[in-house]
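Asker: next one to model:
(one chain, ligands or ions: 2)
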Amino acid sequence: MKVEAIELHRLAIPLVRPFETSFGRQTGRDVLLVKVLTDIGEGWGECVAMADPFYSSEYVAGCEDVIRSYLAPALLGAGEVGAEAASALFSGVIGHRMAKATLETALLDAQLRAAETSFGGYFGATRDHVECGVSVGISPTIEQLLDEVQGYVAQGYRRIKLKIKPGWDLAPVAAVRELIGDLPLQVDANTAYTIDDIPHLRELDAFDLLLIEQPFVEEDIRSHIALAAAIETPVCLDESIVDAALAIDAIERGATSIVNIKAGRVGGYLEAVRVHDACLAREVPVWCGGMLETGIGRAANIALAALPGFTLPGDTSASDRYFAEDLTEPFVLENGTLAVPTGPGSGVTVRDELVAAWATRPVETLRG
Ligand code: NPQ
Ligand code: MG
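Answerer: Ligands and ions are numbered 1, 2, ... in the order given. This is a model prediction of the structure:
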């Protein structure tokens, strides 16, 4: 295909409830969407970066700038190009994986719509539904936390993930474990601990957790190795895993025995499939992470989560976990699962009227 223009859309979407993690509290989703206009049709990509560089070094305005200044010009000047060629085209730019993933996904959407192939079919999905978990933020009180968790259990979620940080860990985990019985439970620290906390983190072994996710900073593989050797609960890396090579290295060194896969974090769905393949070959279970995506990103995540190595429920929750209204037809939980879209490309239809209604500034159109 030939890319003729790239639109940048910046939206503000209200969340149904604030979402608090060890790195901050979100009350809305500041989201960047890109639409590629090509000679074979259009495609959408959603950027997973947050408004501020507090979860990752990337952030929305930074992604926008690197797309506008570097990635879009490379694509618009490339002539005939397939989604599979995007990462090589972008390779002169170091890092900025979330920005690269946004454009690659839009290209893949356009390409697969034209080929009448679904994301799931293209990735190698082996299931038509995926099991869903839910990520639960830090609450003002344990009572409110239990209320929120109870609601998700009633909706049918197959596993609960609690956000933890120093001062909000053993007590809420104990209370939730008591509430939910033997429903699968895991925790996510988003890098809030240090190696000195290992004796404290070992106390989590009492709660039969599926895993503990990313207790230490992204670059600190060594402390994760030390924790994994000291604790029964499996250690799972999120922020640290930025590509398939790093996943293999972290697995072989004993830093992680389960991997959270987020396409944005690793530079796109094609690399995400390679992370999956590397983990499957090493018998390391994977699950699909979430970044408060709208239906656009959620559709692609659910297609990814339908690959055979995704043996644990993901953070691929229903639309109403985050949004009263979604940018696409909503994803609705069916017996704790979501249906993998089967239509061409992402398989969802973007509601242009909502894209316009939630825009925080006029559409910016980039041309060659
Ligand atoms: C995680 N996601 O697994 C992330 C962290 C996270 C579902 O727990 C706006 C955009 C707010 C992305 C808050 C979940 C966010 C965000 C938290 C990602 O670590
Ligand atoms: Mg995480």
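
Asker: looking at Asp39 now. What's its pLDDT?
Answerer: Per-residue pLDDT puts Asp39 at 98.

Asker: mind listing what's buried in stretch 280-295?
Answerer: Applying a neighbour-count criterion of 16 or more other CB atoms under 10 Å, one finds 280, 284-295 buried in stretch 280-295. Heads up, the C-betas are built off the backbone N, CA and C, glycines and all.

Asker: please read the previous query as pertaining to stretch 229-247.
Answerer: Across stretch 229-247, burial judged by 16+ other CB under 10 Å covers 231, 233-244, 246-247.

Asker: and Val31, that's in a helix?
Answerer: No - Val31 sits outside any helix when classified using DSSP: H, G, I helix; E, B strand; the rest coil, being strand.

Asker: can you spell out which helices and strands pack onto the strand ranked longest in the chain?
Answerer: In the chain, taking DSSP state E as the definition, the longest strand is strand 3-21. Counting contacts by 3 or more CB pairs under 8 Å, 6 or more residues apart in numbering; DSSP states H and E, strand 3-21 packs against strand 24-38, helix 60-66, helix 72-76, helix 97-115, strand 364-367.

Asker: most tightly packed of these?
Answerer: Of the helices and strands packed on strand 3-21, the one with the most neighbours on average (mean count of other CB atoms under 10 Å) is helix 97-115, at a mean of 26.

Asker: which ones are touching Lys35?
Answerer: Contacts here follow CB atoms under 8 Å, 6 or more residues apart in numbering; on that basis Lys35 touches 6-7, 9, 42-45, 106.

Asker: pick the one among the buried residues of stretch 229-247 closest to ligand 1.
Answerer: Closest approach to ligand 1 among these (CB to the nearest ligand atom): Asp238, at 5.2 Å.

Asker: would you agree that closest one is in contact with Asp188?
Answerer: Yes - in this structure, Asp238 is within contact of Asp188 by CB atoms under 8 Å, at 7.1 Å.

Asker: quick check: neighbours shared by those two?
Answerer: 213-214.

Asker: centre of the chain to the longest strand of the chain, how far?
Answerer: Put simply, strand 3-21 sits 14 Å off its chain's centre (CA atoms, centre = their mean, to the nearest Å).

Asker: residue numbers of the chain in contact with ligand 1?
Answerer: 19, 21, 26, 29, 50, 55, 135, 188, 190, 238, 289-292, 315 (CB under 6 Å from any ligand atom).

Asker: 5 Å instead?
Answerer: With CB under 5 Å from any ligand atom as the criterion, the chain meets ligand 1 at residues 21, 26, 50, 135, 289-292, 315.

Asker: and stretch 239-247, does that touch ligand 2?
Answerer: No - against ligand 2, stretch 239-247 shows no contacts by CB under 5 Å from the ion, the least distance being 6.8 Å.

Asker: now the helices for this structure?
Answerer: For the chain, the helices defined by DSSP state H occupy 60-66, 72-76, 86-89, 97-115, 119-123, 142-155, 170-180, 198-201, 221-230, 244-252, 263-266, 269-281, 295-304, 352-357.

Asker: nearest to Glu329, of these?
Answerer: Glu329 lies closest to helix 295-304 among the helices of the chain, at 6.8 Å (CB to CB).

Asker: tell me the angle that closest one makes with helix 97-115.
Answerer: Between helix 295-304 and helix 97-115, the angle comes out at 80 degrees (axes from the mean of the first three to the mean of the last three CA atoms, to 10 degrees).

Asker: tell me how far helix 295-304 is from the chain's mean position?
Answerer: 9 Å.

Asker: repeat that for stretch 70-83.
Answerer: Per CA atoms, centre = their mean, the centroid offset for stretch 70-83 relative to its chain is 25 Å.

Asker: for stretch 22-37, same thing?
Answerer: 12 Å.

Asker: what is the neighbour count of Leu327?
Answerer: 27 (other CB atoms under 10 Å).

Asker: likewise for Gly41?
Answerer: 16.

Asker: for it, what are its contacts?
Answerer: For Gly41, the contact set (CB under 8 Å, 6+ apart) comprises 110, 113-114.

Asker: of the residues you listed, which is the nearest to Arg265?
Answerer: Ala110 (22.8 Å).

Asker: how near is that closest one to ligand 2?
Answerer: With distances taken as CB to the ion, to the nearest Å, Ala110 is found 30 Å from ligand 2.

Asker: repeat that for Leu354.
Answerer: Per CB to the ion, Leu354 is found 28 Å from ligand 2.

Asker: same deal with Arg298?
Answerer: Counting by CB to the ion, the gap from Arg298 to ligand 2 is 16 Å.

Asker: closest residue of the stretch 51-200 of the chain to ligand 2?
Answerer: Ligand 2 sits closest to Asp188 of the stretch 51-200 of the chain, with a gap of 4.4 Å, by CB to the ion.
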